[in-house]
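Please work out how this folds:
(2 chains)
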Amino acid sequence: GESVGLHLPTLSVQEGDNSIINCAYSNSASDYFIWYKQESGKGPQFIIDIRSNMDKRQGQRVTVLLNKTVKHLSLQIAATQPGDSAVYFCAERRFNQAGTALIFGKGTTLSVSS
Amino acid sequence: GAVVSQHPSRVICKSGTSVKIECRSLDFQATTMFWYRQFPKQSLMLMATSNEGSKATYEQGVEKDKFLINHASLTLSTLTVTSAHPEDSSFYICSASLGQQNSPLHFGNGTRLTVT
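As a prediction, the model looks like this:
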């Protein structure tokens, strides 16, 4: 079935390192992807998005890469800080009878030690 | 930026009672709102899509009569968990879109429901 998933459930890094969080998707028709950060007990927070007509997009300290050939998405966080510790989800836009909805992957827990 | 407010943040109720959760878009009008459910250490699972002024569209496996959704205005959607059971205990999160083609969803901070 259609799904969005992540390669690793956990990632531990040292403060100052660069972090790379990966996501694989299965629906080749997907045209819009978003990375979210979720802290404990809170709702997801938007980080960065990318359309399928792009292969890279940069934000502040974050970069999203999209490889449509292998249906792979990654989030790179530069100079990771303890405040970046959270669960990261990629989400894929899906079209349904209601219009569109975001389908979430399983999440990667990022732990940053100082 | 777009702000979505969810209330209450936590609620404890007894089995058999009903609980209403509100989701408001504070600084924008949301023609579409989405309700998600999240179990501990799991991902967000889409429950239903709520369109203002029309019936909600539920995902497969979600009971319409148990999870009543009302989207009576462009800034408010409500989810009512009817005849709650302990297995309904979960983290419920709403989200809203600005409606533009490539706009991300903005999420509320969730409601932790515990059914005793």
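
the strands in chain A, which residues?
A:4-6, A:10-14, A:19-25, A:32-38, A:45-51, A:56-58, A:62-67, A:72-77, A:86-96, A:99-104, A:108-113 (DSSP state E).

just checking, what packs against the third one?
Yep, that's strand A:19-25 we're talking about. strand A:4-6, strand A:10-14, strand A:72-77, strand A:86-96, strand A:108-113 (3 or more CB pairs under 8 Å, 6 or more residues apart in numbering or on different chains; DSSP states H and E). Every residue, glycine included, has its C-beta placed from N, CA and C.

Now distance to chain B and mean pLDDT too, for these, in JSON lines please.
Formatted as JSON lines, those follow (distance: least, CB to the nearest CB, whole Å; pLDDT from 0 to 100):
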{"stretch": "strand A:4-6", "distance to chain B": "9", "mean pLDDT": "53"}
{"stretch": "strand A:10-14", "distance to chain B": "11", "mean pLDDT": "95"}
{"stretch": "strand A:72-77", "distance to chain B": "14", "mean pLDDT": "96"}
{"stretch": "strand A:86-96", "distance to chain B": "6", "mean pLDDT": "89"}
{"stretch": "strand A:108-113", "distance to chain B": "8", "mean pLDDT": "96"}
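
of all those, which lies closest to B:L74?
strand A:86-96 (21.3 Å; CB to CB).

where in chain B is pLDDT low?
Within chain B, the stretches with pLDDT under 70 are B:1-2, B:99-102.

What parts of it come near chain A?
B:4, B:6, B:32, B:34, B:36, B:42-46, B:49, B:51, B:57, B:93, B:95, B:102, B:104-110, B:112 (CB under 8 Å from any CB of the partner chain).

Whichever of those residues end up buried, select them in ChimeraX.
Per 16 or more other CB atoms under 10 Å in any protein chain shown, the buried members of the residues of chain B next to chain A correspond to this ChimeraX selection:
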select /B:4,6,32,34,36,43,44,45,46,49,51,57,93,95,104,105,106,107,108,109,110,112
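
circling back to that earlier point, what's the most buried one of the strands of chain A?
Greatest average neighbour count among these goes to strand A:32-38 (a mean of 23), per mean count of other CB atoms under 10 Å in any protein chain shown.

And the contacts of that strand?
Strand A:32-38 is contacted from outside by A:21, A:25, A:44-52, A:62, A:64, A:66, A:73, A:75, A:84, A:86-93, A:102, A:104, A:107, B:102, B:104-105, B:107, using CB atoms under 8 Å, 6 or more residues apart in numbering or on different chains.
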